[in-house]
Structure formats: C-alpha cells, structure tokens
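1. Here is my input; please provide its structure:
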Amino acid sequence: MKRIIVLFFAFLVFTACNKEYQPRIIDSIEVQEFKMENISIRAIHVINKDKVIYAGSNGDVGYFTDKETPVLQPISIKYQDTISPNFRSIASNGKAVFALSVANPALLYKISGGKAALIYSEKDEKVFYDSMHFFDDNKHGIAVGDPTENCASILLTDNAGESWTKIPCENLPKFVQDEAFFAASNTNIKTIGSTVWIASGGKKSRILKSEDYGKTWQIFDTPIIQGNGPQGMYSIDFYDKNIGIAIGGDYSKPLENTSNKAITKDGGKSWTLVADGQNPNYKSCVQYVPKTNGKEVFAVGKTGISYSNDGGVSWKEVSKEGYYAIQFVDRNTAWLSGNNKIGKMVLK
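-> Numbering: from 1, shown residues only. Purely as a prediction, here's the structure:
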C-alpha cells in the first residue's frame, strides 16, 4: 500500500510540473501615470511593487514611490559644477545604486547613503555608454557602450562595483564600421547566472554572448533589420538560458514593422523572425512576464504598448501610451518610464 501511495504522489507531482501554462488573454491595460518635470527617463530598476529607482537626463537619480514619501529625495548630480550627466543606464547590487552617463565624458557614479561618488570616467570623442547590469551574484557587473576602437566598449567589475575595467579589443569580437548600440531603455543587456547577452545595431545587428562573466566572447548574426544607423535590436530579454526575444526596428521609421522581432530557443545562437510585417512596430523595450513560462511578453515604445501570450509569435496592442522602458516586479505588476513620466501597470 505504501508503495502505491508513493507512486501516486510521484504521478501527481509529475503532472503538476508538466501542466502546460495557460497564458492570460489581455485586450487592454491601464497604466497609472505620474508626471515628472523636465526629465527623460530611460533607465529604471525596480525594488518592489511600491518603489522604483530611476536615473534621468538631467543628472537626477532617485527613488519614486506611490505609497509614501520617497525614501530618498532625488540627487541632482553635477560634473565639475557645470555638466548635468544624461543618465541612460542604471544598476543596483542591492547595497548601492550605479548610474552611467552617455556621451563624452562618460561618467559612472556610485550612489549610497544619499551621496554620489564618481568611480569611473572616460574621455573620447566616440565614447557613448548605453546600458549596465549586475549579474545574479551582485559581485560581477557589466556596462556596454559604442566602439571607440574596432570593438564594443565593455566595462567589467568583479568587486560589486567598487572599480571598473575596460576590456581590451584583443579580447573581444571585432565590430564592423558603424555597428554600435542603442541607449533606449537599459535593456540591450541581459544576464542570467554567469551568462550575459548584448544586442548591437546599426550596420550590423548581432548578439554578443559570454558565459563566464565577460572573460570570453562569442558573436552571432540575427535576421533583425540592419544596415543603417537607426536600425537594429534595441532591446532583448531571456526567460531562461535558452529562450530569448529581441525587438527594435528603425527609430527613424517607427511605424514600420518588418524584421524587427525575433526569438531564439538555443541561447542566442540562432534567431527566427516572428510577426514579420505585423505589429508591433518599432519598440525600445521588451520584457517577459515573470512566472509565465516564457509565454507572456510586453513590449513598449513611443508607439505604444503591445502584449503577446504565445512567446512573441503574435501580438496585440493594449495601449497607445508611449513609454521607453518597462520592468516587472512580479506576474501582475510592472513599472514603466518615459518622457517626463513614470508609470505603474497592475494586471488583474
């Protein structure tokens, strides 16, 4: 009898684990909008369903909450008392916040205890950093920027952000002329475990991949639209180490929807176009909804918000509101950012 009970229990566990997830049907959404003055926000880092950290165009980095007085009032950072950095990258290791600016000079700040300290700077007429993330261990971190030579500009840290080192070009795949990155939503980098993927655009739109915290690299072609400066992948996400999605398009022609969405099932080695010639059109950020088995996906951009419940194969526009970035807290809550605004989406 005991053996029968054990076998029956094992069968129930097996059945539960293999039960196909039934994605939700979402036809429209509501986003609560919070106005922010004189700031373009392309970089956010969620804390929980009540709080989000943001970094913006006028040197401001701070917490936003819709539940209480902000824990930390925005810090307005000035470089040499005159330059307000344009931040489009943000990351946190759980103890401190890091914000990285675009353009020359590149400025990377560590923000802790209400104070900002400049911990890395780089001067070059070609310098332009686009995004930044920590790995799962919060000890290793990575930032990526446009080439200043014939390779990507990639910064690494292995001491929780206390210091950052630029990888020499001889240790990276070579880029073609006018291949670069887009500082659209801080999501052209994705990390899982010790693995990182980075999406390029412009003359070529390719995936750089490292499985050892950025020590060694591979590079893979994609069928995403490419060839001109504003074309390519603007955002990527991976649900696990195999299943991933990329989105973008042509920023100068945002209503076009050809060759701007692709999925991978082999960890980024090969990509297949999806919904080609169908909406959504240009988007600057794509994110999987947590705990939906890679089925539910949201994409946002200046052209609105779209939703897929089949892993990106087909899509439905659920809002015409324009946002640059979206990041989920859980299956039902996400924070968004845009021009002069922060948004909060709650799915029911």
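2. And the top strand by length along the chain, what's buried?
-> For the chain, the longest strand by residue count, based on DSSP state E, is strand 31-48. Using 16 or more other Cβ atoms under 10 Å as the test for burial, strand 31-48 gives V31, M36, I39, S40, I41, R42, A43, I44, H45, V46, I47. Every C-beta, even on glycine, is put in place using the N, C-alpha and C of the backbone.
3. Put the alpha carbons of the next helix or strand after it into PDB.
-> Note on strand 31-48: by DSSP states H and E, the next helix or strand toward the C-terminus is strand 51-56. C-alpha atoms of strand 51-56 as PDB (Å, rounded to 0.1, in the frame of the first residue of the first chain):
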ATOM      1  CA  LYS A  51       9.200  51.600  -5.200                       C
ATOM      2  CA  VAL A  52      11.400  52.000  -8.300                       C
ATOM      3  CA  ILE A  53      14.800  53.700  -8.700                       C
ATOM      4  CA  TYR A  54      15.300  55.900 -11.800                       C
ATOM      5  CA  ALA A  55      18.100  57.800 -13.500                       C
ATOM      6  CA  GLY A  56      17.300  60.600 -15.900                       C
END
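4. Show me what strand 51-56 packs onto, helices and strands only.
-> Packed against strand 51-56 by the contact rule (3 or more Cβ pairs under 8 Å, 6 or more residues apart in numbering; DSSP states H and E) you find strand 31-48, strand 60-65, strand 87-92, strand 333-346.
5. still on that earlier bit, for the buried residues of strand 31-48, which one is nearest Y213?
-> H45 (19.9 Å; Cβ to Cβ).
6. Dump stretch 337-348 to CSV, keeping only the CA atoms.
-> Extracted in CSV, the C-alpha atoms of stretch 337-348 (Å, rounded to 0.1, in the frame of the first residue of the first chain):
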residue,chain,number,x,y,z
SER,A,337,9.4,55.1,-17.6
GLY,A,338,9.1,57.7,-20.4
ASN,A,339,9.5,61.3,-21.2
ASN,A,340,8.6,63.4,-18.1
LYS,A,341,6.8,60.5,-16.5
ILE,A,342,6.9,57.2,-14.6
GLY,A,343,4.1,54.7,-15.0
LYS,A,344,2.8,51.7,-13.0
MET,A,345,0.9,48.8,-14.5
VAL,A,346,-1.2,46.4,-12.4
LEU,A,347,-2.7,43.4,-14.2
LYS,A,348,-5.7,41.8,-12.7
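7. Buried residues, it. List them.
-> Neighbour-count burial for stretch 337-348 [16+ other Cβ under 10 Å]: S337, G338, K341, I342, G343, K344, M345, L347.
8. Also stretch 311-323?
-> Neighbour count says stretch 311-323 has G311, G312, W315, E317, V318, S319, E321, G322, Y323 buried, by 16+ other Cβ under 10 Å.
9. give me the low-pLDDT residue ranges for the stretch 51-200 of the chain?
-> Applying pLDDT under 70 to the stretch 51-200 of the chain flags the ranges 69-73.
10. make it 90
-> Scanning the stretch 51-200 of the chain for pLDDT under 90 picks out the ranges 67-74, 113-114.
11. all helices of it, in order?
-> Counting by DSSP state H, counting those that start in this stretch, the stretch 51-200 of the chain yields no residue ranges for helices.
12. which residues in it form strands?
-> 51-56, 60-65, 75-76, 87-92, 97-101, 106-112, 115-122, 129-134, 141-145, 153-157, 165-166, 179-180, 189-192, 195-199 (DSSP state E, counting those that start in this stretch).
13. Just tell me which of those ends up closest to Q278.
-> Among the strands of the stretch 51-200 of the chain, strand 195-199 sits nearest to Q278 (Cβ to Cβ), with 21.2 Å.
14. any idea how far stretch 321-338 is from the chain center?
-> Centre-to-centre, stretch 321-338 and its host chain are 11 Å apart (Cα atoms, centre = their mean, to the nearest Å).
15. mind listing what's buried in that stretch?
-> For stretch 321-338, by 16+ other Cβ under 10 Å, it's 321-329, 333-338.
16. Closest one of those residues to K139?
-> Q327 (21.6 Å).
17. That closest one is in what secondary structure piece?
-> strand 325-328.
18. List the strands paired with that strand, with their directions.
-> strand 333-346 (antiparallel) (DSSP bridges).
19. Rounded mean pLDDT for the partner strand, please.
-> For strand 333-346, mean pLDDT is 98.
20. Could you list the residues in contact with it?
-> Outside of strand 333-346, the residues within contact range by Cβ atoms under 8 Å, 6 or more residues apart in numbering are 29-44, 46, 49, 52, 54, 64, 66, 287, 298, 300, 321-329, 332, 347.
21. roughly how far is that strand from the heart of the chain?
-> 14 Å.
22. just stretch 100-110 next, same as before
-> 18 Å.
23. Can you lay out the helices and strands packed on strand 51-56 as CSV showing distance to N260?
-> Shown next, in CSV, are the helices and strands packed on strand 51-56 (distance: least, Cβ to Cβ, whole Å):
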stretch, distance to N260
strand 31-48, 19
strand 60-65, 30
strand 87-92, 21
strand 333-346, 20
